[in-house]
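A.B. asks: quick one, fold the following:
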Amino acid sequence: MTFLRSLCLLAAAFSCVGAAGADDGGDDRLSFSGHMSFLRSLCLLAAAFSCVVVVGADDGDGGGDDRRGGGESIFRRALASHRSRPVDDPGRWTPWIDAAASLRSLSSSSSGEIALDAVGALEESILVIERSVMGSSGGIGGGGGGGDGGREDRSRDAALSRLYYSYAAALADLSPNDCIALASSPHTLLLGAETVSDVDADRSGAAKLCVENAENSLRNAASLDATNVDADELLKRILGETARGSGGAHERKPKEFVAALFDDFAETFDVKLRSLEYRVPGLVGKAARDMLAASSSTDRGRGRDKFRAALDAGCGTGLAGRYLRPLVAGPIVGVDASRKMLDVAEKCTRTSGCGLGDDGAREEDDDDTGGPLYDKLLEMDLEDMTAENTLHRAPGVDAAGGRQKFDLVVAADVLVYFGSLDSLLRTFSSLSAPGAMLIFSCERADDDEAPLGWRLLPSGRFAHTRRHATEAAARAGYRPRSYEEIVPRMEKGEEVRGHLFGFVRGDDGETSKDEL
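C.D. replies: Model prediction:
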């Protein structure tokens, strides 16, 4: 039986490698390493169920699984209660929330076989719901649990989130010896289990494996339920960060991670975005043009034909710069964490590169000199920016005076890598002159699905509510000027929900309370 399971999982592992690495029509820039682990996890979850069927492990009556004890008993009670309830009863997911708490308590108060039994029961519990998410029919062992066909179900997702959290907490608590024992199990869900040997002298490899799997599980928990603060706090502790750190599931993606991600896709980035009908650069450019035109008649007689200096925050390969260049009389500074993205943008001139020819962007620029599209390109994390290390490094800017700031800041499809927007918008405000304009796009979430104001999506990107973006901007000293619901791109044939914001920084030296 163990041999059959091993063969099945080995075959499944090969298929999972292909599934996780394949181009599934999604946006390569918009995925990340945690997401790939999530895809592999789901693939292995499906594979594990297939293996159960292959080896005839119908555990409805106790056959096919040699794990016995407290954890297994908790799992079976939850499964029986779940199956006894109607498919349309949201309460049918409650037994799994209770099981998650009970199994977490069991794992935290024990070690050895009892702790491993709790971990195994958590894995089985996760499999039940993940199979339902994938739309399979029946419960474990072919029983009639009913498939959900991948439909959105917040009660189900909340239960699954709690199970992932408890699973992560249990993994993080395992001793190296217990982690080796778990990795040696033929039906473990640990990713990378094959890399651990029971002769590992210092057990460091085993400990690292369980911690890495705990991290992945916590990110899954956060993406399923944005209100699961326990998952976020545990992830921060595992990563060794404080509550105000930048690596929590609901904070932002680490800058090293984002830089590596975009470095990987720099050469093919523009081509892939065109295949996704990517629209954000043109929408940002149009918003800047409209706000500039409106300012000529509304800003107390201080009308202007062009912006004096612009910051393209998270400029990438320069797609937005093509639309901004005709609107800016002075320097455009591009900042990005990816060196390879900047290398692509650096090749762009007023007459070539950076999306030239898309949506008539070229015809709007009345300068045919062929000079560089950007006056300065800087490799930097966005929250590290100051006027001194950005604008004042651009050619022709009088840095000695120290007072010149940007009167336009744009962030095209960048805030999806941040949870709370407060810190980043305060940074933008510190770079901006009074009356400066700020334009940015976000993926859109509703208040009821993102009570924190933002939520981590399964894609690894953050979606934000209109309320959070507006309130964070107000705290940074901005007043709303424009708002539009948009479709930033297509993903797997479906329209992605987004919105585009336009703000103006307080006029005449006005500041918000946070700036005083």
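
A.B. asks: residue 121 and residue 77 touch, don't they?
C.D. replies: No: using C-beta atoms under 8 Å, residue 121 is not in contact with residue 77; the gap is 10.4 Å. Quick note: C-beta positions are derived from backbone N, CA and C, even for glycine.

A.B. asks: now for these two: what residues contact both?
C.D. replies: Shared contacts of residue 121 and residue 77 (C-beta atoms under 8 Å, 6 or more residues apart in numbering): residue 99.

A.B. asks: quick one: which of these two has more around it?
C.D. replies: A count of neighbours by other C-beta atoms under 10 Å puts residue 121 above the other of residue 121 and residue 77, at 29 against 14.

A.B. asks: what score does the more buried one have for pLDDT?
C.D. replies: Residue 121 carries a pLDDT value of 92.

A.B. asks: and if you look at residue 487?
C.D. replies: Listed pLDDT for residue 487 reads 94.

A.B. asks: can you tell me how far it is from residue 503?
C.D. replies: Remark: distance between residue 487 and residue 503 (C-beta to C-beta, to the nearest Å) = 21 Å.

A.B. asks: do the same with residue 192
C.D. replies: 45 Å.

A.B. asks: the two: who's more crowded?
C.D. replies: Neighbour totals were compared for residue 192 and residue 503, and residue 503 leads with 27 against 15 (other C-beta under 10 Å).

A.B. asks: tell me if I am right that that one is in a strand.
C.D. replies: Yes: assigned with DSSP: H, G, I helix; E, B strand; the rest coil, residue 503 falls within a strand.

A.B. asks: beta partners for it?
C.D. replies: residue 438, residue 480 (DSSP bridges).

A.B. asks: residue contacts, it?
C.D. replies: Applying C-beta under 8 Å, 6+ apart, the residues near residue 503 are 437, 438, 439, 473, 478, 479, 480, 481.

A.B. asks: and the residues you listed, which are buried?
C.D. replies: 437, 438, 439, 473, 478, 481 (16 or more other C-beta atoms under 10 Å).

A.B. asks: closest one of these to residue 238?
C.D. replies: Within the buried ones among the contacts of residue 503, the smallest distance to residue 238 is 32.2 Å, found for residue 473 (C-beta to C-beta).

A.B. asks: for the helix or strand hosting residue 344, packing partners?
C.D. replies: Using DSSP states H and E, the element containing residue 344 is helix 339-346. Using 3 or more C-beta pairs under 8 Å, 6 or more residues apart in numbering; DSSP states H and E, the elements in contact with helix 339-346 are helix 255-265, helix 269-275, strand 332-336, strand 376-379.

A.B. asks: tell me the buried residues in it?
C.D. replies: 340, 341, 342, 344, 345, 346.

A.B. asks: excluding chain neighbours, give the residue nearest to the third one in space.
C.D. replies: On the basis of C-beta to C-beta, 6 or more residues apart in numbering, the spatially nearest residue to residue 342 that is not a chain neighbour turns out to be residue 377, at 4.8 Å.

A.B. asks: what's the pLDDT at that neighbour?
C.D. replies: pLDDT, read off for residue 377, is 96.

A.B. asks: next: residue 296.
C.D. replies: So residue 296 comes in at 67 (pLDDT).

A.B. asks: for the stretch 1-150 of the chain, what are the low-confidence residue spans?
C.D. replies: The model of the stretch 1-150 of the chain has pLDDT under 70 over residues 1-69, 134-150.

A.B. asks: burial count for residue 447?
C.D. replies: Neighbour tally, residue 447, other C-beta under 10 Å: 11.

A.B. asks: roughly how far does it sit from residue 468?
C.D. replies: From residue 447 over to residue 468 (counting by C-beta to C-beta), the distance is 9 Å.

A.B. asks: pLDDT added to the contacts of residue 503, as TSV?
C.D. replies: Shown next, in TSV, are these (pLDDT from 0 to 100):
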residue	pLDDT
437	97
438	98
439	98
473	97
478	97
479	96
480	96
481	95
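
A.B. asks: farthest pair within these?
C.D. replies: 439 and 479 (13.5 Å).

A.B. asks: mind jotting down where the strands sit in the protein?
C.D. replies: Ranges of strands in the chain, per DSSP state E, are 310-313, 332-336, 376-379, 406-411, 432-444, 454-456, 462-464, 478-486, 490-491, 494-495, 498-505.

A.B. asks: buried ones in the third one?
C.D. replies: Neighbour-count burial for strand 376-379 flags 376, 377, 378 (criterion: 16+ other C-beta under 10 Å).

A.B. asks: kindly report the same for the fifth one.
C.D. replies: Along strand 432-444, these residues count as buried under the neighbour rule (16+ other C-beta under 10 Å): 432, 433, 435, 436, 437, 438, 439, 440, 441, 442, 443, 444.

A.B. asks: any idea how far the fourth one lies from residue 395?
C.D. replies: Going from residue 436 to residue 395 by C-beta to C-beta gives 21 Å.

A.B. asks: ok, back up a step: closest one to residue 312 out of the buried ones among the contacts of residue 503, please.
C.D. replies: The shortest approach to residue 312 among the buried ones among the contacts of residue 503 belongs to residue 439, at 10.5 Å (C-beta to C-beta).

A.B. asks: ok, that closest one touching residue 486?
C.D. replies: No: Residue 439 lies out of contact with residue 486 (C-beta under 8 Å); the separation is 11.9 Å.

A.B. asks: list residues touching both of the two?
C.D. replies: Residues touching both residue 439 and residue 486 (C-beta under 8 Å, 6+ apart): residue 500.

A.B. asks: before we move on, the earlier item: who are the contact partners of the residue nearest to residue 342?
C.D. replies: By C-beta under 8 Å, 6+ apart, the contact set of residue 377 is 315, 333, 334, 335, 336, 342, 345, 346.

A.B. asks: which one is residue 445 nearest to, not counting chain neighbours?
C.D. replies: residue 463 (3.8 Å).

A.B. asks: ok, now residue 482?
C.D. replies: residue 502 (3.5 Å).
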